[in-house]
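Enquirer: Here you go, sequence then predicted model.
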Number of protein chains: 2
Amino acid sequence: MANITIKDIAKALNFSVSTISKALNNSYEISPETRKIVIDYANEHKYKPNRLAKSLKIGQTNSIGVIVSSYFSSTFLAQILDGIHKASFEAGYDIIIMQSFENIDTEKASLDALVSKGVDGILLSPVSEVSNSEYINYIHENHCPVVLFDRINPDLKTTKIGVNEYRGALEATQHLITINRKRILFITGDKFGENNQRIQGFKKALKNLDIPINPRYMVYCNLENVDEIDEKISSSLLELKKQNIMPNAIFGATDTITMRSLGILANLGINVPEDIAVIGFANTDIAFSLNPALSTIRQPAKDMGYLALKKLIELIDLEATTGKKTQVEETILLETSIQIRKSTTLS
Amino acid sequence: MANITIKDIAKALNFSVSTISKALNNSYEISPETRKIVIDYANEHKYKPNRLAKSLKIGQTNSIGVIVSSYFSSTFLAQILDGIHKASFEAGYDIIIMQSFENIDTEKASLDALVSKGVDGILLSPVSEVSNSEYINYIHENHCPVVLFDRINPDLKTTKIGVNEYRGALEATQHLITINRKRILFITGDKFGENNQRIQGFKKALKNLDIPINPRYMVYCNLENVDEIDEKISSSLLELKKQNIMPNAIFGATDTITMRSLGILANLGINVPEDIAVIGFANTDIAFSLNPALSTIRQPAKDMGYLALKKLIELIDLEATTGKKTQVEETILLETSIQIRKSTTLS
DNA sequence: TTGTATGCGTTATCAC
DNA sequence: GTGATAACGCATACAA
């Protein structure tokens, strides 16, 4: 609105517009006296450069776009965003966050909006493997670099940063087996697909030791509704009890599942870890505060976000210096860490 | 980069630039045939309007800036941001999030950056009461509307959305007294100041019933370090035990404090709620999964974010239609809700 | 119904 | 050391 421009300064100080511009940008061409006059005047009148105009002129905005699926308030995503924010702050980039709400069209619209805004790069956690892969490749090749994080889509010819969930699940399962808990109830989401790396890791660990995979020990929950999760876990346990094949361990594939399981077991009067040991993927510090303290597989969420943005900026810089598209196709899988607490500690 | 512009389309189709512009904007001046030709060409060549140029021209960006303090991964803040996102998505605005990291200079820099980017409005959770109030007022009056959320600074002449923490604390304390727990340990942050509404509400509840306020029951933690919190809570409890003035209730002023308290009590072998009842401010769903389930005062974080953005857009629209600054100075306090669970339920 | 010209606030080239 | 001018991509007042 009432914004003072370099043109105003030029008029007030009887200089030309270009002199003001140069003075404000510390150009060596300008005499120290003039520069001082200009800068003092600018400060005094709270001059703020119009970055829109600058960006339009120089062709870059110093801002990057981030598209996440949804569930903004999940701890996991918040940690990723935290890492992204940290890296962008350090690098002097602004970030614009958009949500795809697990919808392919919304994802495409977000992509378009970001390109329209002229972001220098895009960080994307794709809706699905099939989502807009050709379109994303198109943007990556014709507009600005795209880096994928969390969910990895092999069709995309770009840098990808994910988590080695396979190994995380494998190690957690092995841990359960080590403490001699082999009747493991695996509780997961119903939309993950059998190709999900957590399921694969779990199965592999059993296979390694020739432990048969019991389909009755696989529980699939609708993750969109907490009450449904509770109901599903609860009824599964009761059913197994009736059939006299009670598990002696639970492996939760998501933080919600794992947390809720603990609460439900307490309600059912089942002792943890004596009757049932519990471990699961979870990224919250609260695991410690639970009673019993919960053993978890932790994903390096913040690191992932941080690294993803770093990698994106590398690509941006690379293109800026070489002036051409770079054909990097790197895939980085960060390792999880396992934290053994009371819920899987047998005394 | 390889971006097609309306100029390119004009050249290719042998029309003037303004014809293309009008056709793309569905102007009634353009014949349906021409429009179709233009739009088809645009789609085919994946034309994306340059919003920088458009914004520069029309003087608005359709984006709003959000400045939060820090602790991006706190559940509370994430929920606020979730609400903001929801409202901005509905209204068709992009949001740019910045962090002040509890630093006044960073706050000012963020403010400047947002103004420079030409945001249509700013949502701010100020660093402190004294922070940049004159400067914020200046921006509000000369650049774009500013709406405050969460932390409310009375010096600022604008719309403010907060939470009635006073009443929340009052009710929680009353609840403890109702179950006959009057030796209440109040654990809070060390940087809140005595004017903090949670402290005031707590004290008021005691005063109402002529219960003396025991300074030894006030514990102040450095919230920046979890280990320090644990240490502080733990040592306070042991010290009080030694002095034979063990409290029979704990009121935690933040989610971290409350959660950690439960964990520590479990470690110390103190029974909840038999020996010590626990209630506190907390915005996580995990309260249910805790054992015992934790009684909480919940702040309507998502609603607050949602409403704040709504109000901001109201201001933006108002200015756009009336063409002048509006002198609204509204303060809205949303009510908390209290959730009684096992940790304060005496059988 | 379409075209011409101008300007939004900057930076950059080139001349003085 | 400083200034005139063009250009970034778009919207729009006005002319035709």
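Expert: It's in. None of these values were measured; they are calculated from a predicted model.

Enquirer: give the contact list for A:P145.
Expert: A:P145 sits next to A:G121, A:I122, A:T158, A:L312, A:L315, A:I316, A:E319 when contact means Cβ atoms under 8 Å, 6 or more residues apart in numbering or on different chains. Bear in mind the C-beta positions are built from the backbone N, C-alpha and C, glycine included.

Enquirer: By pLDDT, give me the weakest of those residues.
Expert: Least confident of the contacts of A:P145 in the model: A:E319, at 86.

Enquirer: what pLDDT does the nearest residue to that residue once chain neighbours are set aside get?
Expert: Nearest residue to A:E319, sequence neighbours excluded (Cβ to Cβ, 6 or more residues apart in numbering or on different chains): A:T326, at 6.2 Å. The per-residue pLDDT reported for A:T326 equals 72.

Enquirer: residues contacting A:T326?
Expert: Contact partners of A:T326, counting by Cβ under 8 Å, 6+ apart, are A:L315, A:L318, A:E319.

Enquirer: which among the residues you listed gets closest to chain B?
Expert: Nearest to chain B out of the contacts of A:T326 is A:E319 (Cβ to the nearest Cβ; 8.3 Å).

Enquirer: you'd agree that closest one is up against A:V328?
Expert: No: using Cβ atoms under 8 Å, A:E319 makes no contact with A:V328, being 10.4 Å away.

Enquirer: who has more neighbours, these two?
Expert: A:E319 (17 against 14; other Cβ atoms under 10 Å in any protein chain shown).

Enquirer: Next, the more buried one: secondary structure please.
Expert: The three-state assignment at A:E319 reads helix, by DSSP: H, G, I helix; E, B strand; the rest coil.

Enquirer: Of the contacts of A:P145 - the most surrounded one?
Expert: Counting by other Cβ under 10 Å, top hit in these: A:L312 with 30 neighbours.

Enquirer: tell me which strands and helices the strand or helix carrying that one is in contact with?
Expert: Secondary structure from DSSP states H and E places A:L312 in helix A:301-322. When contacts are defined as 3 or more Cβ pairs under 8 Å, 6 or more residues apart in numbering or on different chains; DSSP states H and E, helix A:301-322 sits against strand A:63-68, helix A:75-91, strand A:121-124, strand A:146-149, strand A:160-163, strand A:331-334.

Enquirer: Could you single out the most deeply buried of those?
Expert: Mean neighbour count (mean count of other Cβ atoms under 10 Å in any protein chain shown) peaks for strand A:121-124 among the helices and strands packed on helix A:301-322, with a mean of 29.

Enquirer: Tell me if that strand is near chain B.
Expert: No: if you take Cβ under 8 Å from any Cβ of the partner chain as the test, strand A:121-124 misses chain B, and the best it gets is 11.5 Å.

Enquirer: and the next element down the chain from that strand?
Expert: Using DSSP H and E, the helix or strand that follows strand A:121-124 in sequence is helix A:133-142.

Enquirer: what is the orientation angle of that following helix with helix A:301-322?
Expert: 50 degrees (axes from the mean of the first three to the mean of the last three Cα atoms, to 10 degrees).

Enquirer: State the mean pLDDT of helix A:133-142.
Expert: Computed over helix A:133-142, the mean pLDDT rounds to 92.

Enquirer: Quick one: neighbours of the residue in the stretch 51-200 of chain A that DNA strand D sits nearest to, just the number.
Expert: Nearest to DNA strand D, among the residues of the stretch 51-200 of chain A, is A:K57, at 3.6 Å (Cβ to the nearest atom of the strand). Number of residues near A:K57 (other Cβ under 10 Å) recorded here: 10.

Enquirer: Which helix or strand contains it?
Expert: A:K57 belongs to helix A:51-58, assigned by DSSP H and E.

Enquirer: Now tell me what touches that helix from outside.
Expert: Residues outside helix A:51-58 that contact it (Cβ under 8 Å, 6+ apart): A:T61, A:N62, A:G118, B:N50, B:L52, B:A53, B:S55, B:L56, B:T61, B:S116, B:K117, B:G118.
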